[in-house]
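> sharing a model that was predicted from the sequence below.
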2 protein chains.
Amino acid sequence: MVHGVVEALRAVLDESRLVTDPDSIGRYAHDEAEWAPFGTPAAVVRPASTADVATVVATCAEHGVPVVPRGAGTGLSGGANALEGCVLLSFEAMDRILEIDPREQLAVVQPGVVNDDLRAACREQGAWYPPDPASAPWSTLGGNVATNAGGLCCVKYGVTRDYVLGIEAVVGDGEVVRLGRRTAKGVAGYDLCGLFVGSEGTLGIITEITVRLLPGVRAPERTVVGYFDSLVAAGEAVAAVTAAGVVPSALELLDRSCLEAVDAWKNMGLSAEADVLLLGRSDTPGAAGEDEVDTLVRCFDEAGATWSARSTDEHEADALFAARRLAYPAFERLGPLLTEDICVPRASVPDMLQRIEKAAKAHDTRIANIAHAGDGNLHPLIIVPAGDDEARTRAKQAFEEIIEDALALGGTVTGEHGVGLLKRRGVHAELGPTVIGMHHSVKNALDPAGIFNPGKVFGDPDA
Amino acid sequence: MVHGVVEALRAVLDESRLVTDPDSIGRYAHDEAEWAPFGTPAAVVRPASTADVATVVATCAEHGVPVVPRGAGTGLSGGANALEGCVLLSFEAMDRILEIDPREQLAVVQPGVVNDDLRAACREQGAWYPPDPASAPWSTLGGNVATNAGGLCCVKYGVTRDYVLGIEAVVGDGEVVRLGRRTAKGVAGYDLCGLFVGSEGTLGIITEITVRLLPGVRAPERTVVGYFDSLVAAGEAVAAVTAAGVVPSALELLDRSCLEAVDAWKNMGLSAEADVLLLGRSDTPGAAGEDEVDTLVRCFDEAGATWSARSTDEHEADALFAARRLAYPAFERLGPLLTEDICVPRASVPDMLQRIEKAAKAHDTRIANIAHAGDGNLHPLIIVPAGDDEARTRAKQAFEEIIEDALALGGTVTGEHGVGLLKRRGVHAELGPTVIGMHHSVKNALDPAGIFNPGKVFGDPDA
């Protein structure tokens, strides 16, 4: 069957589109969730057009072979991991920005366009595409849409879903459809476009994306820094910001472990100053922005900051946000990372951070925290020494315990990274059997051949 | 069968919940789209609780009887119109605001809560619920969510969908589920909550809604007024505002027919001054807001405004926006109204307005235009003298021609009012058979008994 599909693809696709040699295929087998299982694809196809994708889907439907779409492979949940014998669709050759229209405030892109490339191209035309996942220099719009990616600025500007106006997709057994719209508003039928956003490739293959843009003229961001000697105090500062009615353009938290890891790599001297670092930003223009910055400083101080200041130096501010961005690679140097991604009510951030500390102790596991604190979206980074299988087992236990704690606090098992393979157990616990049943019903209705990334997101985690 | 369901409901519901006398039932038979067909319900149920709704749905599923949900009946597309022999669910007894939490920036309401009542209650707690359909003094959150209602401020703040975090709903044959979340972010599974928003009661019955709030501290709005002697000039002013990178908090257009109708009723003297009135607002605080207002005035002038000014008098500004709100009732005085609701690319607003004028002439029909111009969302009001059946036929022809023109310009057949019964032909033309097929698949998957508002939105318009 598997060989059948490869030969069938060879018969209908341009030779240059098809990758079958084992070494090359191996590079496509998994995303950055290396803890998640993955198989070996029967073939990788790098489509050049929607027609290529339709051909692949029709062929796979005929052969009953799974299709797994893949962007840049920066995912952290295994959503793009290959299923054994699948056909993997990789979009590096569909990377064109088809249209940027500042007047209509929209852009049309192929799924392989890199997030930062779109933002840069929009900037040249006086427009702004806000969603800014930490993977923005590498991750693609197709992957961003498939996972409904978040980022730093979504505390004020929302997530990828809020910017997707329409998509073109290959569905069913190879039909090409357009879902959504190009207009500012529209309510013609079900929001099937929104249903595809965050569906991780389980409903069809996205071949074109129309995104909403904002005006490109932005005030320079002002940065506020707060040092705290406890997670609880920093959490209280976050709650105070919300209570004060301020919506910062970013509000990020790094704990002591993060600061030490960044220091160990880049010698920034942060961990000598603080146990917890809060970074706030305001992009509100003029005096109102000054007021916001003053409020942020006041909230930090009243919550017990050991030091706080607005950064008067743009380079210093950029350096501090660079520390935020460096936290993840700083830890990757230390061994395989298991990245958590939970979101809790904002007021529960201190409680959740304490529970994470407790889980780390209980399972003798090193856990550092970076957080989009203003959203209640926490990323505990679980670190395991390379090759230590016992530590790995303990880390997995801590991972599951943190998920249970997030649910106990009224949170969700994934704020922005998606479910993929790693969070399926958590999703079943969060949604319950009736809602999981609704997922299967929708999936079966739109994917009767069962070929689109089967088993991901809500599939049986024990299968 | 029908009598069977009424007797079955009588056996399981409190007597006070059930309405069966014909006079009372008649008041629930249709919404404000009186041009759309409607039948007589077998019974009206006014549930007091989610349990009541679940009981009704289970009973109707057992008897194969359609369930039609209804908010305040202010809909303009027939979405809430009774199907012959259906059970109509009216939510006036489920009108409690269950929670307002400014710290978590959310509110939880029953579906019968009136939009303006929620806004007022939020204001008292320092929070703001933005979506503001023109029906806000009467329409309910349940109806707003079912139709994904828009409004004046959505040019800057988005539509109802952008504020719905989660819902409780009765689905299938009476199961109660929670969809969505309470956290700021979350990507656990398909966005089934978003799928229900705008689904017009065809997938299940919404029994509780969790909405996102914004901080309640808002700068006072500044108003800019522009008089124009042509629709084209006004349309160019709208395009210039977008091109200038300004996102006003409202940008409304009234044409000569509107101004005359308001004058005829309220003697405001507007039609002596202008052929087209543009009303812009900015709620950006401080000097940046001043800059926005200056830009609006400059855009109006450069597009050829015969007069423009920022309103320095709050009462004057409120009076002008009152004229906007009065336009609809001013026309209702003149006879039955057929309200269009199309949305086109912003740059196509002048072209669309000219096509509407042409359709009015071709079909000898009086059409006035109010528009959320900043969104490209136009509301041609088609007026027919009471009792004139020929005029009514011509009006329907103009209605369909305007829909075709909107599609020809890359627009949608409904920007914010929903499809209901009136726009089904347009939706079929807009979406095409494959996407309509996806709608049926999803509907059948989630409503296997086929009882939830069947035939609405994407049902056969000729059935």
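Looks like it came in fine.
> which secondary element of chain A has the worst mean pLDDT?
Using mean pLDDT, DSSP states H and E, helix A:314-332 stands out as the lowest-scoring helix or strand of chain A, at a mean of 83.
> for it, packing partners?
Other elements packing on helix A:314-332 under the criterion 3 or more Cβ pairs under 8 Å, 6 or more residues apart in numbering or on different chains; DSSP states H and E are strand A:222-228, strand A:250-255, helix A:256-266, strand A:276-282, strand A:337-339, strand A:366-372, strand A:377-383. Any C-beta I mention is one placed from the backbone N, CA and C, and that applies to glycine too.
> can you give me the angle the longest one makes with strand A:377-383?
Right, the one you point to is helix A:256-266. Put simply, helix A:256-266 runs at 60 degrees to strand A:377-383, going by axes from the mean of the first three to the mean of the last three Cα atoms, to 10 degrees.
> which residues of chain A score low on pLDDT?
A:1-3 (pLDDT under 70).
> what do you get if the cut-off is 80, keeping everything else the same?
A:1-3, A:34, A:217-219, A:312-314, A:463 (pLDDT under 80).
> can you give me the helices in it?
Ranges of helices in chain A, per DSSP state H, are A:2-12, A:22-26, A:50-63, A:115-124, A:141-147, A:154-157, A:192-196, A:231-243, A:256-266, A:286-302, A:314-332, A:349-362, A:389-408, A:424-446.
> and the ones you listed, which is most packed in?
Of all these, helix A:141-147 has the most neighbours on average by mean count of other Cβ atoms under 10 Å in any protein chain shown, namely a mean of 30.
> so which residues make contact with that helix?
Helix A:141-147 has contacts (Cβ atoms under 8 Å, 6 or more residues apart in numbering or on different chains) with A:69-72, A:74-75, A:77, A:79-80, A:91, A:109-115, A:118, A:131, A:133, A:149, A:160, A:164, A:167, A:196-201, A:206, A:209, A:211, A:416-418, B:187.
> swap in stretch A:439-447?
By Cβ under 8 Å, 6+ apart, stretch A:439-447 touches A:171-172, A:195, A:202-204, A:431, A:450, A:454, A:457-458, B:189-190, B:192, B:438, B:441-442, B:444-446.
> now stretch A:358-369
A:231, A:253-255, A:257-258, A:261, A:327, A:331, A:353, A:356-357, A:378-384, A:391, A:394-395, A:397-398, A:401-402, A:405.
> cutoff 7 Å now
Stretch A:358-369 is contacted from outside by A:253, A:255, A:257-258, A:261, A:331, A:353, A:356, A:378, A:380-383, A:394-395, A:397-398, A:401-402, using Cβ atoms under 7 Å, 6 or more residues apart in numbering or on different chains.
> ok, now stretch A:225-232?
Contacts with stretch A:225-232, where a contact means Cβ under 7 Å, 6+ apart, come from A:234, A:237, A:255, A:273-279, A:300, A:304-309, A:311, A:320, A:350, A:353-354.
> residues of the stretch 351-463 of chain A that sit close to chain B?
A:375-377, A:410-416, A:418-419, A:427, A:430-431, A:434-435, A:438-439, A:441-442, A:444-446, A:457-458 (Cβ under 7 Å from any Cβ of the partner chain).
> for residue A:234, see how far away residue A:275 is.
9 Å (Cβ to Cβ, to the nearest Å).
> what of residue A:423?
26 Å.
> relative to residue A:196, how far out is the closest residue to residue A:459 other than its chain neighbours?
Of all residues not flanking residue A:459 in the chain, residue A:424 sits nearest, at 6.2 Å (Cβ to Cβ, 6 or more residues apart in numbering or on different chains). From residue A:424 across to residue A:196, the span is 20 Å (Cβ to Cβ).
> likewise residue A:254?
34 Å.
> what's the answer for residue A:12, then?
From residue A:12 across to residue A:196, the span is 25 Å (Cβ to Cβ).
> contact partners for residue A:236?
Shown in contact with residue A:236 (Cβ under 7 Å, 6+ apart): A:303, A:350.
> go with 6 Å
Listed by Cβ atoms under 6 Å, 6 or more residues apart in numbering or on different chains, the contact partners of residue A:236 are residue A:303.
> pull up the gap between it and residue A:349, please.
For residue A:236, the distance to residue A:349 - Cβ to Cβ - is 9 Å.
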